[in-house]
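**Student:** My questions are about this predicted structure, shown below with the sequence.
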Amino acid sequence: MKFLSFLTLFVLLMQPFTYGFYKALCWQFEGRLKKRGCRLLCLSLFSFGNGLIILSLLRLWNGSFRLTALWMVLLLYTGFAALFVWLLKLLLRKRVADKKLRHILRIAAPAAVASLFCLSLYNAYLPTVRHYRVVLDKPLAKPLRIGVASDLHLGILFGARQLDKLAGIMQQEKADIILLPGDIMDDDTAAYEAEHMQPHLSKLRAPLGVYATLGNHDLFGAQRQITRAIEAAGITVLNDGIIETGGLTVIGRPDDLDRGRLKTAELLEQADTSKPVVLLDHRPSEIELHSTLPIDVQVSGHVHNGQIFPANFIVRAINRLHYGYEKIGNGHFFVTSGYGFWGIPLRLGSQSEVLIIDVEGRR
């Protein structure tokens, strides 16, 4: 029922955006498109957009989802460009002659769309490193540096080069322990194996180890192959698992798509909670519950900080903490926008990132 409601809303929203794109093209090519050409263009755009939705639903072509997502972003960015052009017109209409202004605006519109795509590609492929420092409410023999990279989505658009860059960042930052809280692969291991990414993933090394959990995209039917691939690269997969290292108790849970996963409280009963407890939980949906448990640090991802504006507002509305850091009680909670991206290599209003968390114990 929820999916049907979402699909209906999605299809309904697509129509005015498609019409807006049609009007933008008619304006851009005013004088070169006759009435018959405009009608044909309108029919073609609506047929193309809705045809993509049908292809995606029927899964007749593997690339249909990405093409649909790209089409949606083009419609969205055209809307942003139209707003920019309208504001530019208001600013210049009393200063520039009409003919020259029309010429300027017709150059500005496609330039604005192209600029948004360039910025989005930059945000998707060039990560930033964000540093945090927290003091725990439990003793720790010495300060530790935790490196966090979530949502790699290793696949045909994100692979060996980005893994090498990630390994370089972790080495440069001198991370004592590396945590990968879910969505390591993009649904399966096909591209990972075809592009021989294992040697590159194996470059992730830290004195206290590298630990991962499975996200929702790791649980779409290929979880066994994904787990084997990750572990073959020397990374420990914590599937409702607990490990003690460097004075920390590290706990990892699979995504809640795994209906058989244990409750966090059940895992904690098996763990030494006198030591600082670090939890890897792909989704940030249970942060408020976890703030009542003896968890000192939680790292999550999943929501990508919306990935493309204005989705930031949606994920903010449905999560206590959709992005960044918040101290709740004695717990320190982190939600990263992710190192990779979902679907298409575009980010607007968010950026690919690595978290570096310096933790100290209570003195």
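**Tutor:** Here it is on my side, so go on.
**Student:** Please read off the pLDDT at the most centrally placed residue in the chain from the model.
**Tutor:** In the chain, the residue lying closest to the centroid (CA atoms, centre = their mean) is His304, at 3.0 Å. At His304, the model reports a pLDDT of 97.
**Student:** Quick one: the helices in the stretch 201-350 of the chain, in order.
**Tutor:** 223-232, 264-269, 287-290, 311-318 (DSSP state H, counting those that start in this stretch).
**Student:** What residues of the longest one count as buried?
**Tutor:** Just to be clear, that refers to helix 223-232. Judged by neighbour count using 16 or more other CB atoms under 10 Å, the buried positions of helix 223-232 are Gln223, Gln225, Ile226, Thr227, Ala229, Ile230. Every residue, glycine included, has its C-beta placed from N, CA and C.
**Student:** next one: that helix to chain centre, how far?
**Tutor:** 21 Å (CA atoms, centre = their mean, to the nearest Å).
**Student:** And for the last one?
**Tutor:** The chain centroid and the centroid of helix 311-318 are separated by 13 Å under CA atoms, centre = their mean.
**Student:** what's the answer for stretch 154-163, then?
**Tutor:** That offset, for stretch 154-163, works out to 14 Å (CA atoms, centre = their mean).
**Student:** go on, stretch 306-313?
**Tutor:** On CA atoms, centre = their mean, the centre of stretch 306-313 falls 10 Å from the chain's centre.
**Student:** List of residues touching it?
**Tutor:** Here stretch 306-313 makes contact (CB atoms under 8 Å, 6 or more residues apart in numbering) with 73, 76, 120, 305, 314-316, 322-323, 337, 341-342, 346-350.
**Student:** and Ala111, helix, strand or coil?
**Tutor:** Using DSSP: H, G, I helix; E, B strand; the rest coil, the structure places Ala111 in helix.
**Student:** Contact partners for Met197?
**Tutor:** If you count contacts by CB under 8 Å, 6+ apart, then Met197 has Leu154, Gly159, Ala160, Leu163, Ala191 around it.
**Student:** 10 Å - rerun?
**Tutor:** Met197 makes contact with 152, 154-155, 158-163, 185, 189, 191, 229, 233, according to CB atoms under 10 Å, 6 or more residues apart in numbering.
**Student:** From Ala167, how far out is it?
**Tutor:** 12 Å (CB to CB, to the nearest Å).
**Student:** now Arg36
**Tutor:** Relative to Ala167, Arg36 is positioned 57 Å away (criterion: CB to CB).
**Student:** And the two? Which one has more around it.
**Tutor:** Neighbour comparison, Arg36 and Ala167: the larger count goes to Ala167, with 17 against 8 (by other CB atoms under 10 Å).
**Student:** Not counting residues beside it along the chain, what's closest to the more buried one?
**Tutor:** Distances taken as CB to CB, 6 or more residues apart in numbering place Lys203 nearest to Ala167, at 3.7 Å, with adjacent residues excluded.
**Student:** surely that neighbour meets Gly168?
**Tutor:** Yes. Counting by CB atoms under 10 Å, Lys203 touches Gly168, with 8.4 Å between them.
**Student:** More neighbours: the two, which one.
**Tutor:** Higher neighbour count among Lys203 and Gly168: Lys203, with 16 against 11, using other CB under 10 Å.
**Student:** residues contacting that one?
**Tutor:** By CB under 10 Å, 6+ apart, the neighbours of Lys203 are Ala160, Leu163, Asp164, Leu166, Ala167, Gly168, Met170, Gln171, Ala233, Gly234.
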